[in-house]
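Colleague: please find the sequence and the predicted model below.
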Amino acid sequence: MDALADLNPAQKDAVETVEGPLLVLAGPGSGKTRVITHRIAYLVQTLGVSPRRIMAVTFTNKAAGEMRSRLQAMLGPRAAELTVGTFHAICARILRIEGAAIGLDSQFAIYDDDDQMNVIKQAMEQLGIDPKRFSPRALQSAIDAAKSQLVRVQDYAGRRNNYADEIIHRVYQRYQEILHRSQALDFDDLLVRTHYLFEEHPDILSKYQNRYVHVLIDEFQDTNIAQYSLARQMAGKYKNICVVGDPDQSIYSWRHADIRNILSFEKDYPNAKVVFLEQNYRSTQTIVEAAHHIILPNLQRKQYKLWTENDKGAPIVVAEAYNEQEEAQLVAQEIEKLMGQKEARLRDVAIMYRTNAQSRALEDTFIRYGTPYKIVGATRFYERREIKDAIAYLRLIYNPLDSVSLSRIINVPPRGIGQRTIDELSSMAQARGLPLYHALQAVADKSSAIPVASRTAAGLAGFYSMMEELRGESQKVSAVELLDLVLEKTGYKKYVQQGEDGEDRWDNIQELRNVAREKENLSDFLEGVALVSDLDNLDERSDTATLITLHQAKGLEFDVVFIVGMEEGVLPHVRSFDSPEQMEEERRLCYVGVTRARRRLYLVRAFRRSLGGMSGANPPSRFLKDIPSKLIAGYSSAKETAVTAMGVTPRPAAPLLVLPELKPGDSVKHGVFGEGVVVSAKPVKDDKEVVVAFPRIGVKKLLLSYAKLEKVR
DNA sequence: CGAAAGGCTCTTTTT
DNA sequence: GAGCCTTTCG
């Protein structure tokens, strides 16, 4: 194949500029992925660069997988020699190999957010810091912020300005001690430790610098300072570093991504070439233009304008629903209509929202409408209790020093080892500077006693010998076999199956088994599950609609996109109201969502919405006002027309609500349950509670102001 | 020790 | 509204 075929001049420029630093500013749908893959193909095929000498860093594992398979198609089996992955995955690999130089066990555990929070709470408890005065979350964020800027505990000492800093420093210090004793690294440690490994061991660094002649970084606008530093280290010798990004799509500042990296790049590499990709091939002209007007008010941006030669396409539909249930119905009905008209396949439809909590109403409604859907995130698979428990057993077997995993499962299923016993054990461990597991061992060996009942001591000994036995087995069997063994021997299988939602939870474990089956050994399996996200498992082949957060939607595209919750307080989120910077990020988030759409875009809002326990009315999102009305269908004249245009029965606003007079025996029609007969109706406050019998569905108690009831003569 | 019930807080986005 | 923590009871 010809790596330069079918590229526009700007894309071609980005592909051919292989020497020296290059910054590619790529708008949405401008063929960014094409540029990256073709650039690699050009290096390998045309210039004869060995794939071993190319590193490409992506934002997610999913993006890495896709890049790899695209390159496989272009280069064949040689693509396997490329280094493609996220910063985290690449660093983990390096640390497994080189960690010894910095006193790191090659079997280190990787702690996720949840584990991290456990350690922070533990550290706070040990230090006698009241979690009500200092929120563990805030401390976690402060520690993450420090790490993402490569600030270690010892570096933090000099930064203390006030009491809060003092607390952060103390927790940070204890936190690292606990991690160290557990031979565990958190996500940010993967980056920080690799950076300092390179800094302190130039011989190791030059090994990698010599190898990687070409370094590519995708989604550069969402990298943090630690990641950028790593990229610079890797590319330190040849300086053939190509970063690709779009400042307008920077939406991860809360994870300490630093948009200033783009400015730093131009400063650090004054001879860097800059290429703009501004032609959009993805969306209709209407969508591109709307996106442009949404992002325009941002002051902190590089001036470049997206344009397209595509058709004008359908107008954008802005619609208002009464509440989130109706919003969901509106979406479901419109999807039905589109399917009926063969406008799109279900897999080409996505519904996007600001917060995961919003998916609930959509899910409920889709189930009732029988609309097949898949949901990304929400209750994430790897955050489910049973999954975390099962993995904790395996992690403990792999690395017995992993105290977070040990504490997690020492009494799951219950084996008479209560909180008091665990506290006793961990204070003994703490006092002697021992890992928790060694304290357990000491008690089990009777070489040391802790003040607990003999029955409890026996429980500890039993648990210890069971774990030792499993550890012995782990050398001989595969990952799946070990998982099965664990589930059986520890009694976890029985425990799950007999517990609440036993069947569902057991199914989840079977799902985990499938993952384990594909892995060679325990180490591979654990590495895999530590760094995966739900998005990585998004199956695009099944013909179902996709429910997804705006953040996760970055990098994806769909024919039809619904963005729901277009309200002040939701998008933009309330938490951004007092910060202009955060408000700009909300705007970018909206921009990302809008530019995911190829052909049709729906912006939907609800007049009322319950957030948490409270229900309230929100004004329309300010972003809606920024879209020129000529791009919108039936909005400017009257709000209700848009709803009607979509074939959904409009509903008057709440204060004007006219409740139908209903009495027992009346026939009514419900938007979801269909036709039914009123059994009883009684007034409640300003409302009416109606009991309706629906054939096949059953008897439902409904509040007249909420239920969508129509009187059928 | 463990299960169940009640009270509290917060509630954005995720490698 | 839900998850997390604490309290209470068996």
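Modeller: Nice, thanks for sending it over. Residues are numbered from 1 along each chain as shown, chains lettered A, B, ... in the order given.
Colleague: Provide the backbone phi and psi angles at A:V560.
Modeller: A:V560 has phi and psi values of phi -120, psi 130 when expressed as degrees, to the nearest 10.
Colleague: again with A:L47
Modeller: Dihedral pair for A:L47: phi -100, psi -10, per degrees, to the nearest 10.
Colleague: list the contacts of it.
Modeller: A:V18 (Cβ atoms under 8 Å, 6 or more residues apart in numbering). (C-beta placed from N, C-alpha, C; glycine too.)
Colleague: list the buried residues of the host helix or strand of A:I287.
Modeller: Taking DSSP states H and E as the definition, one finds A:I287 inside helix A:285-295. For helix A:285-295, the buried set under the neighbour-count rule, 16 or more other Cβ atoms under 10 Å, comprises A:285-295.
Colleague: next one: stretch A:246-263
Modeller: A:246-253, A:256-259, A:261-262.
Colleague: cool, and stretch A:413-429?
Modeller: A:415, A:417, A:421-422, A:424-426, A:428-429.
Colleague: ok, so of the residues you listed, who is nearest A:M234?
Modeller: Nearest to A:M234 among the buried residues of stretch A:413-429 is A:A429, at 38.9 Å by Cβ to Cβ.
Colleague: picking up where we left off before, show me which of the buried residues of stretch A:413-429 neighbour DNA strand B.
Modeller: A:415, A:417, A:421 (Cβ under 7 Å from any atom of the strand).
Colleague: report the mean per-residue pLDDT for the host helix or strand of the last one.
Modeller: Element membership for A:T421 (DSSP H and E) is helix A:419-432. Across helix A:419-432, the average pLDDT comes to 79.
Colleague: what residues sit buried inside the helix or strand where A:E527 lies?
Modeller: Using DSSP H and E, A:E527 sits in helix A:522-531. Neighbour-count burial for helix A:522-531, counted by 16+ other Cβ under 10 Å, picks out A:522, A:525-531.
Colleague: which strands or helices does that helix pack on?
Modeller: Judged by 3 or more Cβ pairs under 8 Å, 6 or more residues apart in numbering; DSSP states H and E, helix A:522-531 is in contact with helix A:87-98, strand A:109-111, helix A:385-398, helix A:479-489, helix A:502-517.
Colleague: now it against helix A:479-489, angle please.
Modeller: 80 degrees (axes from the mean of the first three to the mean of the last three Cα atoms, to 10 degrees).
Colleague: contacts for helix A:522-531, please.
Modeller: Counting by Cβ under 8 Å, 6+ apart, A:61, A:86, A:88-89, A:92, A:107, A:109-110, A:112, A:382, A:391, A:394-395, A:397-398, A:474, A:479, A:482, A:515-516, A:519 sit against helix A:522-531.
Colleague: 6 Å instead, please
Modeller: Contacts to helix A:522-531, defined as Cβ atoms under 6 Å, 6 or more residues apart in numbering, come from residues A:88-89, A:110, A:391, A:398, A:479, A:516, A:519.
Colleague: closest to DNA strand B among the residues you listed?
Modeller: A:H88 (4.8 Å; Cβ to the nearest atom of the strand).
Colleague: out of the buried residues of stretch A:413-429, which one sits closest to DNA strand C?
Modeller: Nearest to DNA strand C among the buried residues of stretch A:413-429, with distances taken as Cβ to the nearest atom of the strand, is A:I422, at 12.9 Å.
Colleague: buried sites along stretch A:298-315?
Modeller: Neighbour-count burial for stretch A:298-315, with 16+ other Cβ under 10 Å as criterion, is recorded at A:298, A:301, A:306, A:308, A:310, A:313, A:315.
Colleague: pull the helix or strand with minimum mean pLDDT from chain A.
Modeller: Using mean pLDDT, DSSP states H and E, helix A:639-645 stands out as the lowest-scoring helix or strand of chain A, at a mean of 43.
Colleague: before we move on, back to that, need the worst-confidence member of the buried residues of stretch A:246-263.
Modeller: Taken together, the buried residues of stretch A:246-263 show their lowest pLDDT at A:I259, with 88.
Colleague: alright, that wraps it up for me.
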